[in-house]
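Undergrad: next comes the sequence, and after it the predicted model I'd like to discuss.
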Amino acid sequence: MAWLLVVVAGILETGFAVCLKLSHGFTRLWPTVAFCSFALGSFGLLTLSLRKLDVGPAYAVWTGIGAAGTAIYGMVFLGDLVSTLKIMSISFVIIGVIGLQLSGSAH
């Protein structure tokens with residue numbers, strides 16, 4: 001259950017990173033509100049997961065999901081550059097996230 005919280009928190013991290021861009025420096029109301037909501041949810045779920053998980057692997061998985069998700073979202077929806085190296089790098093992040101999750105860091 002704790003790993004599920006980390007995964008959802010990582011997805012919410014993607015949401016807050018995208019909304020941060022869309023807020024244009026907190027000058028647009030609804031993306032700013034969405035940023036705050038996603039950030040609060042993401043940090044809240046990560047905090048709950050840390051009751052059962054070691055901080056290192058949980059934080060790495062959280063940031064990995066957020067980074068990979070944000071990069072993929074940017075390429076698909078925001079016109080970010082797509083390159084073979086970027087796709088390979090995202091793949092390595094995802095492989096690392098899966099490896100950390102499988103490492104069994106629960107207490």
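TA: Now that the structure is in, tell me what you want to look at. Residues are numbered from 1 along each chain as shown.
Undergrad: after the longest helix seen in the chain, next one along is what?
TA: The helix that spans the most residues within the chain, counting by DSSP state H, is helix 55-77. Counting by DSSP states H and E, the element after helix 55-77 in chain order, helix or strand, is helix 84-102.
Undergrad: burial check on V18, number of neighbours?
TA: Neighbours of V18 under the rule other C-beta atoms under 10 Å: 20. Just so you know, the C-beta spots here come from the backbone N, C-alpha and C atoms, and that holds for glycine as well.
Undergrad: for the residue nearest to it when sequence neighbours are not counted, give me the pLDDT.
TA: Setting aside the residues directly before and after it, V18 is nearest to Y73 in space (C-beta to C-beta, 6 or more residues apart in numbering), at 5.5 Å. Looking at Y73, its pLDDT is 97.
Undergrad: for the longest helix of the chain, packing partners?
TA: Counting contacts by 3 or more C-beta pairs under 8 Å, 6 or more residues apart in numbering; DSSP states H and E, helix 55-77 packs against helix 2-22, helix 29-49, helix 84-102.
Undergrad: and the angle for that helix with helix 2-22?
TA: Per axes from the mean of the first three to the mean of the last three C-alpha atoms, to 10 degrees, the angle that helix 55-77 makes with helix 2-22 is 40 degrees.
Undergrad: could I have helix 55-77 exported to CSV, CA atoms only?
TA: Output of helix 55-77 as CSV, limited to C-alpha atoms (Å, rounded to 0.1, in the frame of the first residue of the first chain):
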residue,chain,number,x,y,z
VAL,A,55,13.2,7.6,2.7
GLY,A,56,15.9,7.0,0.0
PRO,A,57,14.2,4.6,-2.3
ALA,A,58,10.8,6.2,-1.7
TYR,A,59,12.1,9.7,-2.6
ALA,A,60,14.0,8.3,-5.6
VAL,A,61,10.9,6.6,-6.9
TRP,A,62,8.7,9.7,-6.3
THR,A,63,11.1,12.0,-8.1
GLY,A,64,11.7,9.4,-10.9
ILE,A,65,8.0,9.1,-11.6
GLY,A,66,7.6,12.8,-11.5
ALA,A,67,10.6,13.5,-13.8
ALA,A,68,9.7,10.8,-16.3
GLY,A,69,6.0,11.7,-16.3
THR,A,70,6.8,15.4,-16.7
ALA,A,71,9.2,14.8,-19.6
ILE,A,72,6.7,12.5,-21.4
TYR,A,73,3.8,14.9,-20.9
GLY,A,74,6.0,17.8,-22.2
MET,A,75,6.9,15.8,-25.3
VAL,A,76,3.3,14.6,-26.0
PHE,A,77,1.3,17.7,-25.1
